[in-house]
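K.L.:
What follows is a predicted structure for the sequence shown.
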Amino acid sequence: MEHKTFKVLLLNGSGHTKGCVARAFDELEKALNENGILTEWIQVGNKDIRGCIGCNYCRNLGKCVFNDLVNETAPKLAEADGVVAGTPVYYGGPNGQLHAFMDRLFYSTSVTVDLNQKVGATVVSSRRAGSTSAFDSINHFFTMCSMPIVSSTYWNEVHGFSAEEIEEDLEGLQTMRNLGRNMAFLIKAIQAQKEKEGLPEQEREILTHFHSEVRH
């Protein structure tokens, strides 16, 4: 059997390239690499990324109408086995650029890229609170695309106001290491099952709009 190379995209949704999210990613990346998973960082949080305008240009031409980091990332998403989206917490939610990026990336590739059984994970950094709502918001992208979500031994989060303070969050760093190990294991397990029996069938024909010819 030919040896497969596995790869995970690390989407840094922080505006700081060496901030808290990056420190969490460092720990996560080390665990992934030690378990045979290649990684690629994509810096999102400090880029000029606008939101989706619902024009459906991507439905006709297979890419987003705004030719920026979204279109650059699309072919990388197609080749990757997993995605980790990391974000700081702003008012109980994720970074705006990251959310806009994922809105457009996932929508514009929904016809051209098969996300079935690619794995996803969210990493959140907060000083104190709001992490679980931001965590939940980003996980919605994965749950709508048949992407198994990778868990760890606690919420996938670190706490601190700077990268230096993250060093003191020993449990958070431990959580990142366990997340990396779990992600590597799940990617390999899915690949083994795929080679044995293929991926699970995905039905797409039925869309419920709750419209009826009979009105009461």
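P.N.:
Thanks, I have it.
K.L.:
Could you give the separation between the terminal residues of stretch 14-27?
P.N.:
Terminal residues of stretch 14-27 lie 16 Å apart, using CA to CA, to the nearest Å.
K.L.:
Name the residues of it that come out as buried.
P.N.:
Neighbour counts using 16 or more other CB atoms under 10 Å place 14-16, 19-25, 27 of stretch 14-27 among the buried residues. The C-beta positions use only the backbone N, C-alpha and C, and glycine is treated the same way.
K.L.:
Inside helices: which ones of the residues you listed?
P.N.:
Among these, the members falling in helices (DSSP state H) are 20-25, 27.
K.L.:
Turn the residues you listed into TSV, including distance to Gly62 and pLDDT.
P.N.:
Converted to TSV, these look like this (distance: CB to CB, whole Å; pLDDT from 0 to 100):
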residue	distance to Gly62	pLDDT
Cys20	36	98
Val21	30	98
Ala22	32	98
Arg23	36	98
Ala24	33	98
Phe25	30	98
Glu27	36	98
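K.L.:
mind checking which helix or strand the closest residue in space to Thr132 that isn't next to it in sequence is in?
P.N.:
Nearest non-adjacent residue to Thr132, counting by CB to CB, 6 or more residues apart in numbering: Trp155, 6.4 Å away. Using DSSP states H and E, Trp155 maps to neither a helix nor a strand.
K.L.:
residues contacting Trp155?
P.N.:
Listed by CB atoms under 8 Å, 6 or more residues apart in numbering, the contact partners of Trp155 are 124, 131-132, 135, 175.
K.L.:
Now with 10 Å, please.
P.N.:
122-124, 131-132, 135, 172, 175 (CB atoms under 10 Å, 6 or more residues apart in numbering).
K.L.:
sorry, back to before: could you identify the most distant pair in the buried residues of stretch 14-27?
P.N.:
Gly15 and Glu27 (20.1 Å; CB to CB).
K.L.:
how near is the nearest residue to Asn116 once chain neighbours are set aside to Leu115?
P.N.:
Excluding the flanking residues, the one nearest Asn116 by CB to CB, 6+ apart is Ser146, at 4.6 Å. According to CB to CB, to the nearest Å, Ser146 and Leu115 sit 7 Å apart.
K.L.:
Select the longest helix from the chain.
P.N.:
helix 170-197.
K.L.:
And it, what does it pack against?
P.N.:
strand 6-12, helix 20-34, strand 37-43, strand 82-88, strand 119-126, strand 157-159, helix 163-166 (3 or more CB pairs under 10 Å, 6 or more residues apart in numbering; DSSP states H and E).
K.L.:
What count of nearby residues applies to the closest residue to Gly51 other than its chain neighbours?
P.N.:
Excluding its sequence neighbours, the residue lying closest to Gly51 (CB to CB, 6+ apart) is Ala100, at 4.2 Å. For Ala100, the neighbour count with other CB atoms under 10 Å is 17.
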